[in-house]
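S.K.: need a structure here:
(4 chains)
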Number of protein chains: 4
Amino acid sequence: MIRIGVIGQSGAITPEMQKMAEEIGREIAQKGAILLTGGRSGVMEAVSRGAKMANGLVVGILPGDTLDKANEYIDIPITTGLSSDYRSLILVHSSDALIMIGGGNGTLGELSASYLNRKPVVIIEPSGGWAGRVRTIAYEGTYLDERKHVKLDYAHTPKEALDILMNRFNHNEMEPGDV
Amino acid sequence: MIRIGVIGQSGAITPEMQKMAEEIGREIAQKGAILLTGGRSGVMEAVSRGAKMANGLVVGILPGDTLDKANEYIDIPITTGLSSDYRSLILVHSSDALIMIGGGNGTLGELSASYLNRKPVVIIEPSGGWAGRVRTIAYEGTYLDERKHVKLDYAHTPKEALDILMNRFNHNEMEPGDV
Amino acid sequence: MIRIGVIGQSGAITPEMQKMAEEIGREIAQKGAILLTGGRSGVMEAVSRGAKMANGLVVGILPGDTLDKANEYIDIPITTGLSSDYRSLILVHSSDALIMIGGGNGTLGELSASYLNRKPVVIIEPSGGWAGRVRTIAYEGTYLDERKHVKLDYAHTPKEALDILMNRFNHNEMEPGDV
Amino acid sequence: MIRIGVIGQSGAITPEMQKMAEEIGREIAQKGAILLTGGRSGVMEAVSRGAKMANGLVVGILPGDTLDKANEYIDIPITTGLSSDYRSLILVHSSDALIMIGGGNGTLGELSASYLNRKPVVIIEPSGGWAGRVRTIAYEGTYLDERKHVKLDYAHTPKEALDILMNRFNHNEMEPGDV
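M.R.: All right, here's what the predicted structure looks like:
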C-alpha cells in the first residue's frame, strides 16, 4: 500500500480549502492508499475527515505524547514525544509521496524536507499560502536548489494531484518504501 | 483503540518463543487493539504474523528509510529515517502499554525507556533473555529505580499478559494517549 | 556566552563566499561568541576556519557517528547519529541566533526551522543562493508566514550582520538560552 | 581530543558520590579530554564542577530549549529541544567513551544505548545505584546480551577509570570518532 502524506496549515482554514482537503482525503482512500498527516487541525483535520468518509486508513504523526490536540479522524496515532519540527521529519520519511495544500512556514519546512529526502511532492497550486507561492520561488519553477534532486509537480484539483502521483507509481518510477 | 507495543529480540528465535509471540499477536488483535513493533525479524515478525492471522492492525516503527528488512506482516510501515535506538523511542512513545518477550540489550533499552515514560509493561517471564532476568534485577522485583515511577507486571502466558493490561485499562487506571 | 549558528551550503563555494564566511567566523570569535555549524564542507568549513584564526570556539553538529566528513576546524564535534535533516534541527535548537550565507535547499529548511523556533536570523543578502532570494519570497519581505513570529534581518557585510545580532542581544531583546 | 561522556543520576547525591564525580571531572580535564554530560543536577553537576576546577571544557547535552535547569559549569550548552530520553542518545552518540557513576533508570537506559552503539563504558562500581548492580546482571559479568558487542569495564576509583579508558585509546583499540 502506498503511503501519501498531506501537508498544509493548521488552525482555521477557509471553506474552499476545507472542501479541497476533504476531496484529497477521499481520493487517497479511494485509491487504496494510506493517508498520513501531522494529526492536528486545519488541513490535517479536513483531509483526514475526507479519508474516513471513504473508509480510508488515517495515520497521525503527532508531536508530544498525548492525543489532546489530535483531530478525531485518526485511526493510528503515532505520538512521537517530539516537538512539531522533529515530528514533521518522521512524517516526511514515512510518506512515499506528499501532497501540499496551502501552508505556512511549517509546511514550507516539510516541503524542503521532502525535497531533501527525494520524495515526490504534488502542490495544489490554487490552495494559497506557500502552495500558491512555490512556483515563483523554485529554480526553473520546479526545483528547490541547483542540485535538482526531484521535480516538484503542480496540480489544480485534488483529482489531478492523485492522477499525477498514481501515474508516477504505476510507471515504476518509484515503489513504496523506495528512497 | 488501545495501542500495544511488543518488544523482544530480533534474529532467530526458538519455536517456543515464536509460538508465544504469535499467540500474543492474536490476543492483541482479538481484543481490538493495535499492535506496534519495531517491524523487523524475530519476536517482531512472529507477533505481527499472529496479529494478522486474527485480522489485526499492525504498525511497524522501522529504522532507516526503506522496507528492505521489514517483515511482511506490517500494515502501516513508519520508516523513521532514524537508527534503531532513536526509532525505539518512537515505538515506546507511541504505545499505550507494552509487552516484553525475551530480549537482548536493545529490548532492555526499550524497557528502560518505557519505565522512564511511565508506560505499563507486562513481562512474559518464561520467555527468556532479559524478560527472564528483569525480576531479579529490579528494585523490590518491580521497579527500575528508587523513584518507583510505574510497577512492572509479570505474566506466564500471553493470555495472562493481555488480561493484566486490559484490566489496567478497564479500571480507568489509564486511557489511550495518557502519559 | 552567546551561541551563533551559521547556515549555508556545503560543497564547493566561490572565493567570494569563502572570504565572506571566513570573515563571519572571525567576527563571531572576536565578539566572544561560540560558533555552531553543521560541521561539513563549504560555508561550514570556511566560517569555522575563520573562527579558529581568531581563536574562537567551534562546535560542529554532525550527521552520522564518525568524523569522516567533518572539517578540520571543529573543537567540539557532536556526532548525533542522525541524518542531516534531523541534525539540522539540533543545530537550530542549540543556537541563540543564526546567520545565513548562500544556501541550497538544506539551508532553506534550516531557515524555516529557525523561524519556527523563533530564532533571530540575519541573512547575508549578497551571498547568493537562498540568502539572495529570501527577501523576494518572504511575506512583507521579512516573515515566513502570516503569523509573523520573528522578523528576518538582512545584512550586506559580515560586520553588519554581527552588529545587528549583538544589538538584539544588548538591548535585552533576548538572552542566551531564551526561546 | 577525546570526548568522555559521564552518566549518572540527577537530583540530590551523597557527599561521597559528589566527591567521586568531581574527581572524575578533574581527571578528565587533566587528561586533556572534553567532558560531556546531560547538563543537569546531581552527578552531571558535580563532574562538571570538577572539570571546571581543572580548566576543562564542559559540554551539556540538554533536554528542552532553555538553560533553566542547566548547571552552572557548562561551557557549551547543546539545547536539543528533545525530551530527556532522546537527548540521552545524542549524548551517547557524541561520546567516544563513557563513565558511569551511580545511576537510576535513566542511566541504565544510557548504559544500554552505549552498549548498542559499541561505546566503551567504565563503571565506577562502588558508586552505588545501577553502577553497583550491573556486574551481577550482566552476561558473564561483562556483556549486556549474548551478542557480546563490547566488554564493560569496572573501576573502583576515578583514577583507575581514566587509566582504563586512556589505555584503550593509547593501544589504538579506538580513535575519537570511531564507531
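S.K.: which helices and strands does whatever helix or strand A:Arg49 lives in pack with?
M.R.: Using DSSP states H and E, A:Arg49 maps to helix A:43-53. Applying 3 or more Cβ pairs under 8 Å, 6 or more residues apart in numbering or on different chains; DSSP states H and E, one finds that helix A:43-53 makes contact with strand A:3-8, helix A:15-30, strand A:34-37, strand A:57-62. Any C-beta I mention is one placed from the backbone N, CA and C, and that applies to glycine too.
S.K.: Give me the contacts around it.
M.R.: A:6-10, A:13, A:17-18, A:21-26, A:28-29, A:35, A:37-39, A:57-58, A:60, A:71, A:73-74, A:101-103 (Cβ atoms under 8 Å, 6 or more residues apart in numbering or on different chains).
S.K.: let's see it at 6 Å
M.R.: A:6, A:8-9, A:18, A:21-22, A:24-26, A:28-29, A:35, A:37-38, A:58, A:71, A:73, A:101 (Cβ atoms under 6 Å, 6 or more residues apart in numbering or on different chains).
S.K.: can you pull the contacts of the closest residue to A:His93 other than its chain neighbours?
M.R.: Among residues not flanking A:His93 along the chain, B:Gly81 sits closest, at 3.5 Å (Cβ to Cβ, 6 or more residues apart in numbering or on different chains). By Cβ under 6 Å, 6+ apart, the residues touching B:Gly81 are A:93, B:65, C:83.
S.K.: what are the ranges of the strands in chain A?
M.R.: Taking DSSP state E as the test, the strands found in chain A are A:3-8, A:34-37, A:57-62, A:76-79, A:97-101, A:121-124, A:153-155.
S.K.: can you tell which of those strands is closest to D:Thr157?
M.R.: strand A:76-79 (43.9 Å; Cβ to Cβ).
S.K.: helices and strands around the closest one, which ones?
M.R.: Packed against strand A:76-79 by the contact rule (3 or more Cβ pairs under 6 Å, 6 or more residues apart in numbering or on different chains; DSSP states H and E) you find strand A:57-62.
S.K.: Would you mind pulling up the elements that the strand it packs on packs against?
M.R.: So strand A:57-62, by 3+ Cβ pairs under 6 Å, 6+ apart, packs with strand A:34-37, strand A:76-79, helix A:84-93.
S.K.: Recalculate using a threshold of 10 Å.
M.R.: Under the contact criterion of 3 or more Cβ pairs under 10 Å, 6 or more residues apart in numbering or on different chains; DSSP states H and E, strand A:57-62 touches strand A:3-8, helix A:15-30, strand A:34-37, helix A:43-53, strand A:76-79, helix A:84-93, strand B:76-79.
S.K.: Where does pLDDT dip in chain A?
M.R.: A:172-179 (pLDDT under 70).
S.K.: Residue numbers of it in contact with chain D?
M.R.: A:64-65, A:80-83, A:85-86 (Cβ under 10 Å from any Cβ of the partner chain).
S.K.: ok, A:Lys148 touching A:Thr142?
M.R.: Yes. Judged on Cβ atoms under 10 Å, A:Lys148 makes contact with A:Thr142 at a distance of 8.4 Å.
S.K.: Neighbour count for those two, which is higher?
M.R.: Legend: neighbour count by other Cβ atoms under 10 Å in any protein chain shown for A:Lys148 and A:Thr142, higher for A:Thr142 (15 against 12).
S.K.: From A:Arg118, how far off is the more buried one?
M.R.: With the distance defined as Cβ to Cβ, to the nearest Å, A:Thr142 ends up 14 Å from A:Arg118.
S.K.: Measure how buried the spatially closest residue to A:Glu27 that is not a sequence neighbour is and give me the count.
M.R.: Leaving out its chain neighbours, the residue that sits closest to A:Glu27 by Cβ to Cβ, 6+ apart is A:Leu162, at 4.4 Å. Neighbour count for A:Leu162, taken as other Cβ under 10 Å: 22.
S.K.: can you pull the contacts of the residue of chain A most remote from its centre?
M.R.: Largest separation from the mean C-alpha position in chain A: A:Glu146, at 23.7 Å (Cα atoms, centre = their mean). By Cβ atoms under 10 Å, 6 or more residues apart in numbering or on different chains, the contact set of A:Glu146 is A:139-140, C:9, C:104-105, C:129.
S.K.: again with A:Leu57
M.R.: A:1, A:3, A:28-29, A:32-36, A:51, A:75-76, B:57, B:75-76.
S.K.: ok, what's across the strand from it?
M.R.: Beta-bridge pairing for A:Leu57 (DSSP bridges): A:Ile34.
S.K.: Check the one 5 residues further on too.
M.R.: Counting by DSSP bridges, A:Leu62 is bridged to A:Thr79.
S.K.: My read is that it contacts A:Ser41, right?
M.R.: No. A:Leu62 is not in contact with A:Ser41 according to Cβ under 10 Å; the separation is 11.8 Å.
S.K.: more neighbours, those two?
M.R.: A:Leu62 (31 against 16).
S.K.: gap between that one and chain C?
M.R.: 16 Å (Cβ to the nearest Cβ, to the nearest Å).
S.K.: In contact with that residue: list those residues for me.
M.R.: A:37-40, A:44, A:68-71, A:74, A:77-82, A:84, A:87, A:90-91, B:93-94, B:177.
S.K.: try it again with 8 Å
M.R.: Applying Cβ under 8 Å, 6+ apart, the residues contacting A:Leu62 are A:38-40, A:69-70, A:77-80, A:87.
S.K.: Using neighbour counts, give me the buried entries of those.
M.R.: Burial by neighbour count, 16 or more other Cβ atoms under 10 Å in any protein chain shown: within the contacts of A:Leu62 this picks out A:38-40, A:70, A:77-80, A:87.
S.K.: which among those residues gets closest to A:Leu111?
M.R.: Nearest member of these to A:Leu111, counting by Cβ to Cβ, is A:Gly38, at 13.3 Å.
S.K.: what residues does chain A put near chain B?
M.R.: Residues of chain A found near chain B (Cβ under 8 Å from any Cβ of the partner chain) are A:1, A:3, A:34, A:57, A:59, A:61, A:65-68, A:70, A:75-81, A:89-90, A:93-94, A:117, A:176-179.
S.K.: hmm, try it at 7 Å
M.R.: A:34, A:59, A:65-67, A:76-81, A:89-90, A:93-94, A:177, A:179 (Cβ under 7 Å from any Cβ of the partner chain).
S.K.: Just the buried residues out of those residues, in PyMOL syntax.
M.R.: In PyMOL, a selection of the buried entries from these looks like this (16+ other Cβ under 10 Å):
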select buried, chain A and resi 34+59+65+66+67+76+77+78+79+80+81+89+90+93+94+177
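S.K.: how distant is stretch A:28-46 from the center of its chain?
M.R.: 8 Å (Cα atoms, centre = their mean, to the nearest Å).
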